[in-house]
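# I'd like to go over a predicted model; first the sequence, then the structure.
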Amino acid sequence: MKQTERILPEKLLERFIRYAKIWTTSDPHSADSPTTERQWELLRLLSAELEDLGVPAELDENGFLIGRLPARGVGPQVPTVGFMAHVDTSPDVSGEGVSPRIHRRWQGDAIVLRDDVVLDPVQMPELAARKGDTIITSDGTTLLGADDKAGIAEIMAAVEYLQSNPDLPHGPLEIIFTPDEETGKGMDRFPLERIQSRCCYTLDGDELGTLEAECFNAYRADIGFFGVSAHPGRARGRLINAISMLGSFLEMLPGSESPEATDGRYGFYHSVEVSGHTEKAELTLILRDFERNEVERRVKALQAFASAVEAAYPGGKVKVSWVKQYLNMREAFSEDPLVVELAQKAIASLGISPVLTSIRGGTDGARLSELGIPSPNLFAGGHNFHSLTEWASLEVMTCAAETVLALALLWGEFESPAPA
């Protein structure tokens, strides 16, 4: 890797630690935006920091923060480009009281956070590849929050550098921080009318040099099971147990199409939450696949499973409802390939081999691409998201911030009008 020395690693680390300590877990059960009040603390801090850097920032009532850097030293045809990250962390693991641990010049030994929380490089090849780096973890009682506070810190570090070096020419830039990405519904109230960007780059990836221009198609299914309650001592011929119905439904899900049994381009059903009692039980599933027809096949299968359960439990009812969360963003880049080409060029300018890949998940960029603004996902240096063993490499984070800078400068050289 080339050492450009534009982004100071220690300053980037300080910024990331500051953000990581703020509790921003989102709540998938809330209808508010943001879904948790605690996300406002980081949003307001970022708004203030942008203003301190001389970047006008607008924070709306739904928790979307947009900062704007005007163009300088370039022609009028240079398009606006956005950089985006999300402030919330996953509700899968506690994000309260994050206490980051810094392992400088890590020498490849197992990182023991607690007796039962160990980062073993033998089991984690991505970690083993970062021997010699400064590795950042939590203390093993919470997640770290690199997803996506690493991305936030990298964007902010790049903004600080640009503002400190007014001789650098660049086009107009939009800095976008969003709430509730982890709930899958954070973009439902996205203020598209306020966005001027031709394209946008999310910083929500992991491994050095990766550029993700394809993601899953994502649906969520909510299944309700409705039984009939009765005293267990007099239940014969009367009781229809909704919990038993739910259990039978779960047994019908193909084990070969679960997250733990799939990788590569194979999709899955994933049970994420259950609740209930004898009379009523509820199950939430997420359905994922790179091909939309495969997700739709799984939706039809759920309906068939529901009918089978009703047949097995006469008098019981099963209701299946589903909602699209986001779609594969790959088609957006076939219409505007320059978005990906310049990202690859920016990564390569740092002496890093760009790796064009697919993400077995999704980002706010997938939703934004669906809305007409192509938004691939860049590496940000974090790994093991949504877990107690989440970690990040400071060296890779620094390269991610340098990539943001490189992209800002490259787009500043592009003076053709945006496609009609």
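Yep, it's here.
# Tell me the buried residues in the strand or helix carrying residue 333?
Secondary structure assignment for residue 333, by DSSP states H and E: helix 330-335. Applying a neighbour-count criterion of 16 or more other CB atoms under 10 Å, one finds 330, 332, 333 buried in helix 330-335. Every residue, glycine included, has its C-beta placed from N, CA and C.
# Please export the C-alpha coordinates of it as CSV.
Below are the C-alpha coordinates for helix 330-335, written out as CSV (Å, rounded to 0.1, in the frame of the first residue of the first chain):
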residue,chain,number,x,y,z
ARG,A,330,-26.5,-4.1,-9.5
GLU,A,331,-28.8,-2.8,-12.2
ALA,A,332,-28.1,0.8,-11.2
PHE,A,333,-24.4,0.4,-12.2
SER,A,334,-25.1,-1.1,-15.6
GLU,A,335,-26.8,2.3,-16.5
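# From the chain's centroid, how far away is it?
On the basis of CA atoms, centre = their mean, to the nearest Å, helix 330-335 sits 20 Å off its chain's mean C-alpha point.
# Give me the contacts around it.
Here helix 330-335 makes contact (CB atoms under 8 Å, 6 or more residues apart in numbering) with 213, 214, 215, 339, 340, 369, 370, 372, 374, 375, 376, 419.
# Using PDB, write out every CA atom in whatever helix or strand comes next after it.
Counting by DSSP H and E, the element after helix 330-335 in chain order, helix or strand, is helix 338-348. The C-alpha coordinates for helix 338-348 follow below in PDB (Å, rounded to 0.1, in the frame of the first residue of the first chain):
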ATOM      1  CA  LEU A 338     -18.600   5.300 -14.200                       C
ATOM      2  CA  VAL A 339     -19.700   5.200 -10.600                       C
ATOM      3  CA  VAL A 340     -17.900   1.900 -10.100                       C
ATOM      4  CA  GLU A 341     -15.000   2.600 -12.500                       C
ATOM      5  CA  LEU A 342     -13.900   5.700 -10.500                       C
ATOM      6  CA  ALA A 343     -14.200   3.800  -7.200                       C
ATOM      7  CA  GLN A 344     -11.900   1.200  -8.600                       C
ATOM      8  CA  LYS A 345      -9.500   3.900  -9.800                       C
ATOM      9  CA  ALA A 346      -9.600   5.600  -6.400                       C
ATOM     10  CA  ILE A 347      -8.700   2.300  -4.600                       C
ATOM     11  CA  ALA A 348      -6.000   1.500  -7.100                       C
END
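# average pLDDT for helix 338-348?
The pLDDT scores in helix 338-348 average 97.
# So that it lines up with my notes, have the first residue be 45 from now on.
Let's use 45 as the start, then, which means that last one is helix 382-392.
# now whichever helix or strand comes after it, how far from the centre of its chain.
The helix or strand immediately downstream of helix 382-392 is strand 399-403, counting by DSSP H and E. With CA atoms, centre = their mean as the basis, strand 399-403 stands 15 Å off its chain's centre.
# Could you list every helix and strand in contact with strand 399-403?
Contact partners of strand 399-403 among helices and strands, from 3 or more CB pairs under 8 Å, 6 or more residues apart in numbering; DSSP states H and E: strand 254-259.
# The strand it packs on pairs with which strands, parallel or anti?
According to DSSP bridges, strand 254-259 forms sheet pairs with strand 399-403 (parallel), strand 421-422 (antiparallel).
# can I get the ones you listed in CSV with mean neighbour count and mean pLDDT?
Output for these, formatted as CSV (neighbours: other CB atoms under 10 Å; pLDDT from 0 to 100):
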stretch, mean neighbour count, mean pLDDT
strand 399-403, 17, 94
strand 421-422, 27, 98
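# Would you mind giving these as a markdown table with distance to residue 142 added?
Formatted as a markdown table, the strands paired with strand 254-259 follow (distance: least, CB to CB, whole Å):
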| stretch | distance to residue 142 |
| --- | --- |
| strand 399-403 | 24 |
| strand 421-422 | 23 |
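# Tell me which of these lies nearest to residue 137.
Closest to residue 137 of those is strand 399-403 (CB to CB; 19.9 Å).
# What is the end-to-end distance of stretch 300-316?
17 Å (CA to CA, to the nearest Å).
# my guess is residue 255 contacts residue 391, does it?
Yes. Between residue 255 and residue 391 there is a contact under CB atoms under 8 Å: 6.6 Å.
# what's the overlap in contacts for these two?
Listed as contacting both residue 255 and residue 391 by CB under 8 Å, 6+ apart are residue 398.
# Same drill for the two, tell me which one is more crowded.
Applying other CB atoms under 10 Å to residue 255 and residue 391 shows that residue 391 carries more neighbours, namely 26 against 20.
# as a whole number, average confidence for the helix holding residue 377?
Across helix 374-379, the average pLDDT comes to 85.
# How is the protein partitioned into domains?
53-259+372-456, 261-369 (automatic domain parsing).
# for the first one, the distance to its chain's centre please.
It refers to domain 53-259+372-456. 9 Å.
# quick revisit: among the domains of the chain, which is the most enclosed?
Ranked by mean neighbour count, the domains of the chain are led by domain 53-259+372-456 with a mean of 20 (mean count of other CB atoms under 10 Å).
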